[in-house]
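In: After the sequence you'll find the predicted model.
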Number of protein chains: 2
Amino acid sequence: MARGFVIPIGGAEEKFRDPAILKRFVDLCGGRAARIAIIPTASRLVSTGPRYRRIFEGLGVATAAVVPFFDREDCTQERWLAELRLATGVFLTGGNQLRLSTTLGGTPAIRLLRHRNHDDGLHIAGTSAGAAILSEHMIAYGDEGGTPHAAMVTLAPGLGFTERAIIDQHFRQRDRLGRLLTALAYNPSKIGIGLDEDTAAFIDADEMLTVRGSGAITVVDPTEVSYTSMDSANPNDPVSVLGVRLHVLAAGGRFDLRGLKAFPPERG
Amino acid sequence: MARGFVIPIGGAEEKFRDPAILKRFVDLCGGRAARIAIIPTASRLVSTGPRYRRIFEGLGVATAAVVPFFDREDCTQERWLAELRLATGVFLTGGNQLRLSTTLGGTPAIRLLRHRNHDDGLHIAGTSAGAAILSEHMIAYGDEGGTPHAAMVTLAPGLGFTERAIIDQHFRQRDRLGRLLTALAYNPSKIGIGLDEDTAAFIDADEMLTVRGSGAITVVDPTEVSYTSMDSANPNDPVSVLGVRLHVLAAGGRFDLRGLKAFPPERG
């Protein structure tokens, strides 16, 4: 079976009036037959899981269940793993991405999710912290501002649903180009995906990314960078990065993460 | 063909009197038929490459060639890629691992090396910075000391020859357990390999690690960690990490990176 979609969302997605992103996610997962598992681990608010459960129920899914992974022991328990085996889609809420990595990292739950996404067509969506965690290399935290500085970003291993990209979120709203460029300058081998709020990247099994939602996605491609001073810059020095390619894509725009080509929306 | 060995060395390996590590590497690569390509990118000293060339020639290899990857453009040039296609072993010198990642990351040279290691039996060894860079998640720099603190380590993408481990070097000599624990606490899904000087991990195609050299390897296995405070610790706070398993292995000791089991030296 083809790999399921990987769907990072930039945070603050519209939930009620015109929930285009959540609706598209539900449609992919089977619409009225969809079984959504909600993982609220990133959040410290007990209301986060139930809130999303009501939202997904309002979108007409068959079932929406909160899977309460709050400590590492929870992520080994058969009753919750069974829930993940039944799901057609998994949704990771926002909060703190280090809550997700420290709780889920290396557990049976995440091995099951990676296997089911890769081999069994399970779709994985995450918003804000839930988006950042989807990549193999994750931005744990960092500073605001457009100019890269050597010490402005902290990377950590993420949950590894995509190895091709480093994902950042609340992108325009929190002025995060500098920290994304810094993360890419360490090793110009990954593609940066900067997601505005209420904007999502739907990445299919062929690694084609399609933009949905009301904002834009900034794709930062460093693979043709001819020079960076990252190896010699002092922690608070600005870092030179020469030859970055950048695409800003609004709804319908696409980017091929294998061929590294951007495409405008298809004419309807 | 089986994957080639991946061989991180902890730095300061013995080069003349009893060069056990370099000799074992040469034997694996074909002994008198070995063709060694030396990548001196990490070093700023022009003498580093030629020095290793003379050492490998002294060990009786067929050829030892310095491949001068000093900027990103070098890493696309056919004359140097041809050298990598002929090699039976590649050796990455020490220096600064960010020189390696910023110069080689995402280039045709590194794609070729990963392919030849994975599918074509090419062996890859690296010392010090050349060891750190071998993993997918690399320690770029960090502080000394045994207690983990949230902000004591900077991770960056490495060259990805192993995804299972995070490698640290000069381990006992520079008191690096704290920074390795910190790197692992972000996401307890990787195995930490702390290499003393003049000590190497020979990792075979079955992910079995065998220790060679005069020091020890500290294997840090966080996969049964029950709790860490990494997600809530302030930058200079000590970080709690509960349930780490640790093995110290001297020459002949082995560790199965798949099964996560340590073994004493085989009786001879």
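Out: Yep, that arrived. Values in this document were obtained by computation on a predicted structure and should not be read as measured data.

In: Need the pLDDT of the closest residue to A:R164 other than its chain neighbours.
Out: Leaving aside its sequence neighbours, A:R164 sits nearest to A:L257 (Cβ to Cβ, 6 or more residues apart in numbering or on different chains; 4.7 Å). For the C-beta atoms, the positions are set from N, CA and C on the backbone; glycine is no exception. On the pLDDT scale, A:L257 is placed at 97.

In: List the residues that contact A:L257.
Out: Residues in contact with A:L257 (Cβ atoms under 8 Å, 6 or more residues apart in numbering or on different chains) are A:162, A:164-165, A:191, A:203, A:207-209.

In: Of these, which is the nearest to A:F91?
Out: A:I203 (15.5 Å; Cβ to Cβ).

In: shouldn't that closest one be in contact with A:G4?
Out: No. A:I203 is beyond contact range of A:G4, at 9.9 Å (criterion: Cβ atoms under 8 Å).

In: got the residue ranges for the strands in the stretch 151-268 of chain A?
Out: Ranges of strands within the stretch 151-268 of chain A are A:153-157, A:165-168, A:191-195, A:199-203, A:208-213, A:216-221, A:227-228, A:241-242, A:245-250, A:254-256, A:261-263, based on DSSP state E, counting those that start in this stretch.

In: so which of those strands gets nearest B:F25?
Out: Closest approach to B:F25 among the strands of the stretch 151-268 of chain A is made by strand A:153-157 (28.6 Å; Cβ to Cβ).

In: for the closest residue to A:L104 other than its chain neighbours, phi and psi?
Out: Leaving aside its sequence neighbours, A:L104 sits nearest to A:I110 (Cβ to Cβ, 6+ apart; 4.7 Å). Note on A:I110: its backbone torsions stand at phi -80, psi -30 [degrees, to the nearest 10].

In: residues in contact with A:I110?
Out: Neighbour list for A:I110: A:75, A:104, A:159, B:189 [criterion: Cβ under 8 Å, 6+ apart].

In: One more: A:G145?
Out: The neighbours of A:G145, taking Cβ under 8 Å, 6+ apart as the test, are A:152, A:175, A:178-179.

In: Could you rerun that using 6 Å?
Out: Going by Cβ atoms under 6 Å, 6 or more residues apart in numbering or on different chains, A:G145 touches A:175, A:178.

In: just the one 10 residues further on next, same as before
Out: Contacts for A:L155 were tallied using Cβ under 6 Å, 6+ apart; they are A:137, A:183, B:155.

In: Touching, the first one and B:A156? I think so.
Out: In other words, A:H137. No. Using Cβ atoms under 6 Å, A:H137 is not in contact with B:A156; the gap is 8.2 Å.

In: tell me, how many neighbours does A:R32 end up with?
Out: By the criterion of other Cβ atoms under 10 Å in any protein chain shown, A:R32 has 10 neighbours.

In: in chain A, what residue sits furthest out from the centroid?
Out: Distance from the C-alpha centroid of chain A peaks at A:S232, with 30.8 Å (Cα atoms, centre = their mean).

In: Where does the prediction get shaky in the stretch 51-200 of chain A?
Out: In the predicted model of the stretch 51-200 of chain A, no residue satisfies pLDDT under 70.

In: Next to chain B, which bits of it? Give me the list.
Out: Proximity of the stretch 51-200 of chain A to chain B (Cβ under 6 Å from any Cβ of the partner chain) is limited to residues A:72, A:96, A:98-99, A:101-102, A:105-106, A:137, A:155-157, A:186-189.

In: ok, which pair from these is furthest apart?
Out: A:R72 and A:P188 (34.4 Å).

In: Settle it for me: which of the two has more neighbours?
Out: A:P188 (28 against 23).

In: What does that one show for phi and psi?
Out: When read as degrees, to the nearest 10, the backbone of A:P188 gives phi -70, psi 60.

In: just A:P50 next, same as before
Out: Torsion angles, degrees, to the nearest 10, at A:P50: phi -60, psi -30.

In: in the sheet, who's paired with the closest residue to it other than its chain neighbours?
Out: Excluding the flanking residues, the one nearest A:P50 by Cβ to Cβ, 6+ apart is A:V66, at 6.4 Å. Note on A:V66: beta-bridge partners by DSSP bridges are A:I38.

In: for A:V66, what are its contacts?
Out: By Cβ under 6 Å, 6+ apart, the contact list for A:V66 reads A:38, A:49, A:53.

In: distance of A:E13 from A:R267?
Out: From A:E13 across to A:R267, the span is 26 Å (Cβ to Cβ, to the nearest Å).

In: Comparing the two, which residue is more hemmed in?
Out: Using other Cβ under 10 Å, the more surrounded residue of A:E13 and A:R267 is A:E13, with 24 against 5.

In: contacting residues for that one?
Out: A:21, A:127, A:198.

In: What's the mean pLDDT across the helix or strand harbouring the first one?
Out: Secondary structure assignment for A:I21, by DSSP states H and E: helix A:20-28. When pLDDT is averaged along helix A:20-28, the result is 98.
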